[in-house]
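Novice: Structure here, sequence nowhere to be found:
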Ligand SMILES: Nc1ncnc2c1ncn2[C@@H]1O[C@H](COP(=O)(O)OP(=O)(O)O)[C@@H](O)[C@H]1O
Ligand SMILES: [Mg+2]
């Protein structure tokens, strides 16, 4: 039987896109059998990342994919933009650091919420990859 790859690409430009991305992440989480707490963790992480895209880069994209295999359920979300980049990643991942007058909890909080967190940033591109995983 052919594998059904679930993959969704959501443009992130305006505030309502945050809601769309957040909801899509939650729905896939639920469909794959993650519990409510996991659904909320992923949804919160996705909204923080999408919010950052709008606030600091203007626009970007959110890719949500089912990467499950025989061993575990796995959702991967990639949030990417072509904005100015983050000058000091170390500081940006520290609680309380914000260049936008925010709480500075988005990136460090997101990192704590998910099972895997990776960030790459340079002038012209920021890409955050997060994964929620759970053994079958
Ligand atoms: N996509 C992005 N592009 C450029 N800078 C970003 C991006 N996301 C986060 N940053 C930088 O990292 C800092 C920390 O982000 P975050 O932890 O979400 O806190 P806050 O949004 O409250 O400032 C931001 O203030 C900003 O300087
Ligand atoms: Mg933020």
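Specialist: Yep, that arrived. These numbers come from a predicted model, not from an experiment. Ligands and ions are numbered 1, 2, ... in the order given.
Novice: Only C-alpha atoms from now on, for both contacts and neighbour counts.
Specialist: Will do.
Novice: Now do the same for the nearest residue to residue 57 once chain neighbours are set aside: helix, strand or coil?
Specialist: Distances taken as Cα to Cα, 6 or more residues apart in numbering put residue 83 closest to residue 57, at 4.1 Å, once the chain neighbours are dropped. Secondary structure state of residue 83, per DSSP: H, G, I helix; E, B strand; the rest coil, is coil.
Novice: quick one: average confidence on stretch 19-37?
Specialist: Taken as a whole, stretch 19-37 has an average pLDDT of 97.
Novice: in it, what's buried?
Specialist: 19, 21, 22, 23, 24, 25, 26, 28, 29, 34 (16 or more other Cα atoms under 10 Å).
Novice: and the helix or strand harbouring residue 78, what does it pack onto?
Specialist: In this structure, residue 78 is located in strand 72-81 according to DSSP states H and E. Under the contact criterion of 3 or more Cα pairs under 8 Å, 6 or more residues apart in numbering; DSSP states H and E, strand 72-81 touches helix 36-52, strand 60-66, strand 125-135.
Novice: what is the orientation angle of it with strand 125-135?
Specialist: Computed with axes from the mean of the first three to the mean of the last three Cα atoms, to 10 degrees, the direction of strand 72-81 lies at 170 degrees from that of strand 125-135.
Novice: any idea how far ligand 1 is from the residue positioned nearest the centre of the chain?
Specialist: Nearest to the geometric centre of the chain sits residue 46, at 3.8 Å (Cα atoms, centre = their mean). Residue 46 is 11 Å from ligand 1, where distance means Cα to the nearest ligand atom, to the nearest Å.
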